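Visitor: Next input, structure requested:
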Amino acid sequence: QVQLVESGGGSVQAGGSLRLSCAASGRTFSGYTMAWFRQAPGKERQFVAAITWSGGLTYYTDSVKDRATISRDNAKNTVYLQMNSLKPGDTAVYYCAARSYTGGPYWPPTSYNDWGQGTQVTVSS
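Guide: Alright, predicted model coming up:
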């Protein structure tokens, strides 16, 4: 099992930026696909972005694809989500997730085995 710890959330004004980090520990990180999800109050958990082990493939939900960048540093066992031009609609708890295989689909939360505790992102207008 992989332990995941998110950080970097906070409160920003619309148009601002945040960089979320997810530090992984435990079982080897090798081969893991990593993803970010978010969940707003009263809503289902939503896929945001995913990145394969090599970092060669990335996937984004349409609502963030022009404003977000997912990346990973395998030497540091860390995954990042850079979010720019933040909107109030981006307000949610952001979760890091991991699974031990590559291959789609990347969006179902049920396809991920390991989850972090989440970090709150609040965007004010």
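
Visitor: Quick check: which helices or strands does the strand or helix carrying residue 79 pack against?
Guide: Taking DSSP states H and E as the criterion, residue 79 maps to strand 78-83. The contact analysis (3 or more CB pairs under 8 Å, 6 or more residues apart in numbering; DSSP states H and E) places strand 78-83 against strand 18-26, strand 33-39, strand 46-51, strand 68-73. C-beta coordinates here come from the backbone N, C-alpha and C atoms, glycine included.

Visitor: Ignoring the adjacent residues along the chain, who's closest to the one residue sitting closest to the centre of the chain?
Guide: Closest residue to the average C-alpha location of the chain: residue 36 at 2.0 Å, with CA atoms, centre = their mean. Once flanking residues are discounted, residue 36 sits nearest to residue 48: 4.3 Å by CB to CB, 6 or more residues apart in numbering.

Visitor: Then residue 115?
Guide: residue 97 (5.3 Å).

Visitor: secondary structure element for that neighbour?
Guide: Going by DSSP H and E, residue 97 is in strand 92-99.

Visitor: Going by contacts, tell me the helices and strands next to whatever helix or strand comes next after that strand.
Guide: Next in sequence after strand 92-99, counting helices and strands by DSSP H and E, comes strand 114-115. Counting contacts by 3+ CB pairs under 8 Å, 6+ apart, strand 114-115 packs against strand 2-7, strand 92-99.

Visitor: and strand 114-115, how far from the chain's centre?
Guide: 11 Å (CA atoms, centre = their mean, to the nearest Å).
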